[in-house]
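Colleague: this is the structure alone, sequence omitted:
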């Protein structure tokens with residue numbers, strides 16, 4: 001595999017600690033981490049990996065992910081700094097998958113375009129945001145996405161909004177095996193001052209309601225049956241519960257934070273405690289929103305029963 005990366009000229013590193021690539025700050029070493037520069041390199045990497053049955057995981061900003069303490073024996077494809085341009089094309093704002101959501105929000109603001117303000121509060125890259133249909137405060141990606149470009153071993157394809165299969169924290173890219181390369185946004189003209197004020201309000205609200213002072217992966221569980229997961233966990237009396245260096249946040253119960261030296265094992269223990277307590281007290285089965293990066297799906301093996 002090393003020879004393939006060397007011969008192809010694709011940037012790669014070996015034995016990279018996953019804690020450096022995830023916002024949770026957990027994870028052992030990944031055998032290989034590659035950073036493609038364009039769609040062609042993504043296709044080349046996927047072709048090689050699939051032909052040789054090598055497991056892989058695509059990563060952007062590293063939010064919404066819990067990495068295994070044992071690391072990952074496959075290849076982590078990071079769509080990041082080499083694919084992070086933001087520009088205009090055919091009347092749409094185009095963001096490459098590695099562009100940070102907050103950078104897109106500021107770019108739109110500077111250019112007097114409204115609709116992307118909520119992105120200022122999302123700690124993700126645009127590829128991951130489209131993949132998860134990320135959102136906050138009653139706004140989500142599907143509200144502004146005009147289309148998405150994605151690549152697999154056969155090259156790049158464009159998906160119009162209707163073909164993206166957006167639903168709550170879902171998109172077609174979670175099941176079609178393609179890696180998002182570009183996100184096309186349809187925004188509306190507005191005075192930059194008004195946009196800036198809206199962004200400031202969003203960020204202040206996040207600061208008041210979310211534990212931004214500690215590493216986390218964002219929301220741990222999805223909302224179920226109209227009830228916010230954080231409210232159910234709070235009512236189950238689990239705010240402040242600790243396991244090793246991890247804690248169910250006192251500020252927002254749907255956040256597990258790394259108070260220092262937390263391991264994936266610590267976080268999984270708290271997820272299991274929260275899921276079990278909510279199921280026992282309210283009969284509600286919480287489904288994890290975060291993805292697991294490792295050789296085994298340890299989230300899928302939590303003791304309380306759920307179906308993704």
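Modeller: Structure received. Small disclaimer: the values here were computed from a predicted structure and weren't measured. Numbers count the residues shown, from 1 in each chain.

Colleague: what is the mean pLDDT for stretch 150-166?
Modeller: Confidence for stretch 150-166, expressed as mean pLDDT, is 97.

Colleague: show me which residues of it are buried.
Modeller: Applying a neighbour-count criterion of 16 or more other C-beta atoms under 10 Å, one finds 150-153, 156, 159, 164-166 buried in stretch 150-166. C-beta coordinates here come from the backbone N, C-alpha and C atoms, glycine included.

Colleague: which two among these are spaced furthest apart?
Modeller: Taking every pair in those and measuring C-beta to C-beta, the maximum separation is 24.5 Å, between 153 and 166.

Colleague: just the strands from the stretch 1-150 of the chain, written as ranges.
Modeller: Along the stretch 1-150 of the chain, the segments classed as strands by DSSP state E, counting those that start in this stretch run 11-17, 29-35, 56-59, 65-67, 72-78, 86-89, 92-96, 113-114, 135-136, 139-140, 145-152.

Colleague: now do the first one against strand 29-35, angle only.
Modeller: Right, strand 11-17. Put simply, strand 11-17 runs at 150 degrees to strand 29-35, going by axes from the mean of the first three to the mean of the last three C-alpha atoms, to 10 degrees.

Colleague: what of the last one?
Modeller: If you take the same axes, to 10 degrees, strand 145-152 sits at 110 degrees to strand 29-35.

Colleague: and the buried residues of stretch 150-166 as TSV, adding distance to residue 90?
Modeller: Compiled in TSV, the buried residues of stretch 150-166 are given as follows (distance: C-beta to C-beta, whole Å):
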residue	distance to residue 90
150	18
151	20
152	24
153	27
156	16
159	16
164	18
165	23
166	21
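
Colleague: okay, now the sheet partners of the helix or strand of the chain with the lowest mean pLDDT, with direction.
Modeller: Across the helices and strands of the chain, mean pLDDT, DSSP states H and E gives its lowest value to strand 135-136, namely a mean of 90. When sheet partners are counted by DSSP bridges, strand 135-136 sits next to strand 139-140 (antiparallel).

Colleague: what lies in contact with the strand it pairs with?
Modeller: Contacts to strand 139-140, defined as C-beta atoms under 8 Å, 6 or more residues apart in numbering, come from residues 117-118, 133-134, 166.

Colleague: where's the nearest residue to residue 282 once chain neighbours are set aside, which helix or strand?
Modeller: Setting aside the residues directly before and after it, residue 282 is nearest to residue 232 in space (C-beta to C-beta, 6 or more residues apart in numbering), at 5.8 Å. In the assignment (DSSP states H and E), residue 232 maps to helix 229-235.

Colleague: list the helices and strands that helix packs on?
Modeller: Contact analysis of helix 229-235 by 3 or more C-beta pairs under 8 Å, 6 or more residues apart in numbering; DSSP states H and E lists helix 264-282 as its packing neighbours.

Colleague: if you count contacts, what does the helix it packs on end up packed against?
Modeller: Applying 3+ C-beta pairs under 8 Å, 6+ apart, we find helix 264-282 packed against strand 65-67, helix 229-235, strand 242-243, strand 246-248, strand 256-258.

Colleague: off-centre distance for the third one?
Modeller: This means strand 242-243. Distance of strand 242-243 from the chain centroid (C-alpha atoms, centre = their mean, to the nearest Å) equals 24 Å.

Colleague: in its sheet, what does that strand sit against?
Modeller: strand 246-248 (antiparallel).

Colleague: can you name the residues in contact with the partner strand?
Modeller: Surrounding strand 246-248, the residues in contact under the criterion C-beta under 8 Å, 6+ apart are 233, 238-242, 255-259, 262-263, 266-267, 269-270, 273-274.

Colleague: stretch 231-239 too?
Modeller: By C-beta under 8 Å, 6+ apart, the list of residues contacting stretch 231-239 reads 221, 224, 248-250, 253-254, 273-274, 277-278, 281-282, 284, 286.

Colleague: buried subset of the residues you listed?
Modeller: When the contacts of stretch 231-239 are checked for burial by 16+ other C-beta under 10 Å, the buried set is 221, 224, 248-249, 253-254, 273-274, 277-278, 284, 286.

Colleague: wait, which of those is closest to residue 49?
Modeller: Within those, proximity to residue 49 (C-beta to C-beta) peaks at residue 221, which comes in at 30.8 Å.

Colleague: how close does residue 248 sit to residue 234?
Modeller: 9 Å (C-beta to C-beta, to the nearest Å).

Colleague: same check on residue 165?
Modeller: For residue 165, the distance to residue 234 equals 32 Å [C-beta to C-beta].

Colleague: domain assignment for the protein?
Modeller: For the chain, the domain assignment from automatic domain parsing gives the residue ranges 2-81, 84-208, 211-308.

Colleague: just to revisit the earlier point, the residue nearest to residue 282: neighbour count?
Modeller: Using other C-beta atoms under 10 Å, residue 232 has 24 other residues around it.
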